[in-house]
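[1] give me coordinates for this.
(chains A and B)
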Amino acid sequence: MTAVLSISLDVNGERVETRVFPRTNLADFLREQLKLAGTHVGCEHGVCGACTVRVNGEIVRSCLMLAVQADGTSVETIEGLSDSGEISDLQNAFRERNALQCGFCTPAMLMAAQDLLKDEAEPDRARIREHLSGNYCRCTGYQAIVDAVEATARARKGRRP
Amino acid sequence: MKAAAFAYARATSVGNAIALLVEHGERAKVLSGGQSLMPAMNLRLLAPELLVDIGALDELRGVTVRDGLLSMGALTRHADLQKSPEIAVHAPLLVAAAAHIAHPAIRNRGTIGGSLAHADPASELPACMIALDATIVVYGPDGERRIPSEDFFTGIYETRLSAEELLIAVELPLARVNFAHFFDEFARRRGDFAMVGLAARAIVEGDRLAGFRPVFFGVGDRPMRVSAAAGLLDTVVTPDLLSQALRALDDELDPPEDQQASGEMRRHLAKILFARCVAQLLTRPELNAGWA
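    Numbers count the residues shown, from 1 in each chain, chains lettered A, B, ... in the order given. Model (predicted):
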């Protein structure tokens, strides 16, 4: 039964039907089988947050989910969010404020930040920090990241009718 | 690291899951949300031969209120605790606690059944269940067993659940008008494991505590319901009485030392939480003066 299993899922809106080993986690599946390398693998035990993706619209740790558990789901990675333009303003804010240096944490940081911004129009800095608490950044000291998320929230609020 | 190779079976019913557990015994592990199991497997602390995935069992989902009890299926996620209107009304302690459980991405996958069966002594929900006088419902080859939460946890990662049984639900008495609750913890970083935490449910009658179930976590090998509170029942709590209770707590606790905190530091933090708890439950902030 360690044999490969068939799975069928949507990844960034495209149907994927393939076979995976039970031990393959969703992060490795996305990176190695689908070549979507924007999802990063840091600690592989749920601490660093670099592997954050969306499954059925909710953020999860893709290192703590088996690819076979994603059978029948809709998965969105940073490539999907980037290509659709959903987070282009957030990405610009990160760039303008130097909210990244090495960029390793950035895809997942954007995922987690967008997860907050789509539900809350006006999160304060404490709320932003709380929501990003599961994502490590070893370069920036976080201030610029919180600045970028806060600025994006304000700008989006201003654009609403 | 990556998990060692294993076989995978998606259970089709509770009966099917039990049959697989009976067949494979200790060589199998139940996969629920996987937020504790997968890290342990990736770190090669665990290498089960078979994972029995119960994630598709809809009968283990959902929150219902019936006959004076709140029943929560084992697959209720931490994120569901924060969103469920039934839980907000009938078990608000769990809403307060869920905000401290790891991070949003983990709360979207982690389940209450998984957390309770895993029985990490630093985790929030085991202590909450004892504070709320919950019953843990398990199902095995001989049918259903109902275990009082206070008896369920037996040590570090150890419970009264056998390798052939599945935790299927948790039942709680509904909150009453005069119930009050407290939850707080000290962690190095939001969402990290607590160095010390306290979950409590009280029955408040006027200016007195008519019932009080304070349960600490992170201070021993399992959640610890402390008896230091006994002297505070059915009386007007004075600063002197609170000091006595804190001394009793000091005697009662013998917390471990690890890389996060010394035993002495944990003892100190436990007393701070206890004073905060009593002050908050009785809405008497002055009782906490000098401790906050």
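
[2] tell me where the chain has strands.
    In the absence of a named chain, this looks at chain A. For chain A, strands defined by DSSP state E occupy the ranges A:5-11, A:14-20, A:52-55, A:58-61, A:74-76.

[3] you looked at the wrong chain, it should be chain B
    B:7-10, B:28-31, B:50-53, B:63-66, B:69-73, B:135-140, B:143-148, B:153-155, B:158-159, B:166-173, B:179-187, B:194-205, B:208-217, B:224-225.

[4] and the gap between the residue in the stretch 1-150 of chain B positioned nearest to chain A and A:V60?
    Per Cβ to the nearest Cβ, B:H103 is where the stretch 1-150 of chain B lies closest to chain A, at 2.6 Å. Where C-beta positions appear, they are placed from N, C-alpha and C, glycine not excepted. Per Cβ to Cβ, to the nearest Å, B:H103 is found 11 Å from A:V60.

[5] re earlier: what's around the residue nearest to the residue of the stretch 1-150 of chain B closest to chain A when sequence neighbours are not counted, how many residues?
    Nearest residue to B:H103, sequence neighbours excluded (Cβ to Cβ, 6 or more residues apart in numbering or on different chains): A:G134, at 2.6 Å. Residues near A:G134, counting by other Cβ atoms under 10 Å in any protein chain shown, number 25.

[6] identify the residues contacting A:G134.
    Contacts of A:G134 were listed using Cβ atoms under 8 Å, 6 or more residues apart in numbering or on different chains, and they are A:49, A:52, A:112, B:102-106, B:191.

[7] so which of the strands of chain A comes closest to chain B?
    strand A:58-61 (4.4 Å).

[8] then that closest one to PDB, C-alphas only?
    Taking Å, rounded to 0.1, in the frame of the first residue of the first chain, the C-alpha atoms of strand A:58-61 are listed here in PDB:
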ATOM      1  CA  GLU A  58      -8.000  28.900   3.200                       C
ATOM      2  CA  ILE A  59      -4.300  29.200   4.000                       C
ATOM      3  CA  VAL A  60      -2.500  26.000   5.100                       C
ATOM      4  CA  ARG A  61       1.000  24.700   5.600                       C
END
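
[9] give the buried residues for that strand.
    A:59-61 (16 or more other Cβ atoms under 10 Å in any protein chain shown).

[10] how about those in TSV, adding pLDDT and distance to B:I136?
    TSV is the format used below for these (pLDDT from 0 to 100; distance: Cβ to Cβ, whole Å):
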residue	pLDDT	distance to B:I136
A:I59	98	29
A:V60	98	26
A:R61	98	27
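
[11] show me what stretch B:240-254 is in contact with.
    By Cβ under 8 Å, 6+ apart, stretch B:240-254 touches B:216, B:219-220, B:224, B:226-229, B:231-232, B:235, B:263, B:266-267, B:270-271, B:274-275, B:278, B:287.

[12] any weak-confidence spans in the stretch 151-292 of chain B?
    B:290-292 (pLDDT under 70).

[13] with adjacent residues omitted, what lies nearest to the residue of it found nearest chain A?
    Nearest to chain A, among the residues of the stretch 151-292 of chain B, is B:R190, at 4.1 Å (Cβ to the nearest Cβ). Using Cβ to Cβ, 6+ apart and skipping the chain neighbours, the partner closest in space to B:R190 is A:S133 (4.1 Å).

[14] could you count how many residues lie near the one you found?
    19.

[15] go on, B:F6?
    22.

[16] with B:D234 instead?
    Around B:D234 there are 10 residues (other Cβ under 10 Å).

[17] now swap in B:K83 and tell me
    So B:K83, with other Cβ under 10 Å, has 11 neighbours.

[18] with that, I have no additional questions.
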